[in-house]
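Asker: Just a sequence and a predicted model for now, questions to come.
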Amino acid sequence: MRVTVLDHPLVAHKLSVLRDKSTPSPVFRQLVEELVTLLAYEATREVRVEPITIQTPVAETQGVGLSRPRPLVVPILRAGLGMLEGMTRLIPTAEVGFLGMARDDTTLDIITYAERLPEDLTGRQVYVLDPMLATGGTLREAIKFLYRRGAEQITCVCLLAAPEGIAKLEEELGDAEANLVLAAIDERLDENAYIVPGLGDAGDRLYGVVD
Ligand SMILES: O=P(O)(O)OC[C@H]1O[C@H](OP(=O)(O)OP(=O)(O)O)[C@H](O)[C@@H]1O
Ligand SMILES: O=c1cc[nH]c(=O)[nH]1
Ligand SMILES: [Mg+2]
């Protein structure tokens, strides 16, 4: 797995405001979108393009267009949904599929409660959106699911990761090609498997607390 941490003062600044527990939901949502657009620029560095011929007002020239099949963006509900707008702002013609997954905060088991994706992902480049990579359980399940459907290259876009979660993904994914693009790698997980210092529960901060 190739891990890229975006080293940029604006990313660090926006992330600092996100971490602040006094930042209210509307500001939090706006900052997540802005951060994802910055991360998306790096995450799509290898998006497949093909040559096209275009006519400028002055002359004919060669350019590039996105190849088919188009890239597929997969936000992991709930919290990943807060990243969708920021990602599609950069690649508006991408297709979007959905995975609904929740971590049981006691057992840390992953429950997949919704799925709306093409049956066949053969040859597709897939961008998975989830702000938090904690134990890595959720992303591991999502990546395995997408590879089983035939995805060719998977890039995960996250805001924060714990070293424990990255290590788990690296160990369990073996040679499978996957990229991980992040705003920061934090210190560790706490006893409840929350990222430290982190930003709390991303889903709750975006959309409110659920029981
Ligand atoms: O790496 P892991 O240990 O699996 O934890 C990370 C997952 O936990 C959060 O989702 P959560 O289960 O809270 O669902 P939500 O987005 O609906 O709040 C987060 O958005 C990740 O999907
Ligand atoms: O710190 C964490 C860990 C899991 N899920 C979150 O939203 N935050
Ligand atoms: Mg949550």
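Answerer: It's in. Ligands and ions are numbered 1, 2, ... in the order given.
Asker: near ligand 3, which residues of this structure?
Answerer: Where proximity means CB under 5 Å from the ion, the interface of the chain facing ligand 3 comprises Asp201, Gly203. C-beta here means a position set from N, CA and C on the backbone, and glycine is covered the same way.
Asker: Other residues contacting stretch 166-181?
Answerer: Counting by CB atoms under 8 Å, 6 or more residues apart in numbering, stretch 166-181 makes contact with 1-4, 6, 39, 42-43, 46, 133, 135-137, 139-140, 143, 147, 153-158, 161, 185, all of which sit outside it.
Asker: same thing but at 6 Å, please
Answerer: Defining contact as CB atoms under 6 Å, 6 or more residues apart in numbering, one finds that stretch 166-181 is touched by 1-4, 39, 42-43, 136, 140, 143, 153-157.
Asker: and if you look at stretch 151-158?
Answerer: Contacts made with stretch 151-158 from outside it, assessed by CB under 6 Å, 6+ apart, are listed as 39, 43, 121, 123-130, 133, 139, 143, 146, 177-182.
Asker: In strands, which of those residues appear?
Answerer: Cross-referencing those with the strands (criterion: DSSP state E) gives Gln125, Val126, Tyr127, Val128, Leu129, Leu133, Ala178, Asn179, Leu180, Val181, Leu182 as the overlap.
Asker: give me every residue that touches the last one.
Answerer: I take that to be Leu182. Applying CB under 6 Å, 6+ apart to Leu182 gives the contacts Val5, Cys158, Ala161.
Asker: ok, the residue with the largest distance to the centre of the chain to ligand 1 distance?
Answerer: The outermost residue of the chain relative to its centre, with distances by CA atoms, centre = their mean, is Val58 at 40.2 Å. Separation of Val58 from ligand 1 (CB to the nearest ligand atom, to the nearest Å): 49 Å.
Asker: Let's verify that residue: helix, strand, or coil?
Answerer: Following DSSP: H, G, I helix; E, B strand; the rest coil, Val58 is assigned to coil.
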